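Build me a structure from this.
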Amino acid sequence: MKRIFRDDLAELCTHMFSLGIECRIADKKETPLKLSWLSGKRCMLVERQNFEAVCVLKQSSQYNSTVTVQYIVPGEKEQGKDLKADLVIKRRGILKRELEDLGWRGSYLAGILDYDSQLKEKLTEAVKKRELPGINVRYNKKMGSTIISTAYWGYRIKMMPSIELLSAYDTIAGHVKEVY
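Take a look at the predicted model:
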């Protein structure tokens, strides 16, 4: 597993391709109609997965900086309130910080994600390996898409996602499509 890469999107695309996930970096003018709001942004189009695009956004302020990786699931939904979920990691102990429980907080989607035991196992393993950043799921009505976001602190992604973690994101995207 590689650590710290410079051109985040290109390296992420290469990494995902090496894991057997078909993806390519889209030209700025080339985006599918349902993802037209992405035109002008650098993104990666993914095939044969429940999420159809991946964007890497860098944000910085005077005090900190973050790199946000967004897994995008296009689809229209009247009530976007149903598509809201945040991963909650409960730990115990002061020094050792052992994992106590893993769950989801939010709306209807959070209940579905909380009920999926295979997803919980995948995410628990990722937490134990210390490769899981926070995950939140939000529906953006203006864009007509649900965005699964993971945020990494710092100027670049510190660790590329494993195949198990990408499988977990795909499972979350599959549950989002069920709610549509």
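
Can you spell out which helices and strands pack onto whichever strand or helix holds residue 166?
Residue 166 belongs to helix 163-179 when assigned by DSSP states H and E. Packing contacts for helix 163-179, counted by 3 or more Cβ pairs under 8 Å, 6 or more residues apart in numbering; DSSP states H and E, involve strand 65-74, helix 108-115, helix 117-128, strand 135-140, strand 145-153. Where you see a C-beta, it was placed from the backbone N, CA and C, and this is true even at glycine.

quick check, residue 9 in a strand?
No. Counting by DSSP: H, G, I helix; E, B strand; the rest coil, residue 9 is not part of a strand but helix.

From what I see, it and residue 57 are in contact.
No. Using Cβ atoms under 8 Å, residue 9 is not in contact with residue 57, being 9.9 Å away.

Without its sequence neighbours, what residue ends up closest to residue 19?
Residue nearest to residue 19 in three dimensions, not counting chain neighbours: residue 163, with 4.8 Å by Cβ to Cβ, 6 or more residues apart in numbering.

Report how many residues lie close to the one you found.
13 (other Cβ atoms under 10 Å).

please begin residue numbering at 48 from this point
I'll keep to 48 as the first residue from here, and by that count the last item is residue 210.

confidence score at it?
pLDDT, residue 210: 88.

What spatial separation is found between it and residue 130?
Separation of residue 210 from residue 130 (Cβ to Cβ, to the nearest Å) stands at 26 Å.

I'd like the helices and strands packed on helix 210-226 laid out as CSV, including distance to residue 72 and mean neighbour count.
Compiled in CSV, the helices and strands packed on helix 210-226 are given as follows (distance: least, Cβ to Cβ, whole Å; neighbours: other Cβ atoms under 10 Å):
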stretch, distance to residue 72, mean neighbour count
strand 112-121, 14, 20
helix 155-162, 29, 17
helix 164-175, 25, 16
strand 182-187, 22, 20
strand 192-200, 19, 19
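
mind checking which of the ones you listed is nearest residue 148?
In terms of Cβ to Cβ, the element of the helices and strands packed on helix 210-226 nearest to residue 148 is helix 164-175, at 9.2 Å.

Which strands and helices lie in contact with the closest one?
Packed against helix 164-175 by the contact rule (3+ Cβ pairs under 8 Å, 6+ apart) you find strand 145-153, helix 210-226.

The helix or strand bottoming out on mean pLDDT in the chain to strand 192-200, inter-axis angle?
Lowest on mean pLDDT, DSSP states H and E among the helices and strands of the chain sits strand 100-107, with a mean of 82. With axes from the mean of the first three to the mean of the last three Cα atoms, to 10 degrees applied, the angle from strand 100-107 to strand 192-200 works out at 40 degrees.

so what strands line up beside strand 100-107?
Sheet pairing here is set by DSSP bridges, and for strand 100-107 it gives strand 90-93 (antiparallel), strand 112-121 (antiparallel).

thinking again about what came up before, I'd like the helices and strands packed on helix 210-226 as CSV, with distance to residue 222 and mean pLDDT appended.
Shown next, in CSV, are those (distance: least, Cβ to Cβ, whole Å; pLDDT from 0 to 100):
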stretch, distance to residue 222, mean pLDDT
strand 112-121, 10, 86
helix 155-162, 5, 92
helix 164-175, 8, 89
strand 182-187, 9, 90
strand 192-200, 10, 86
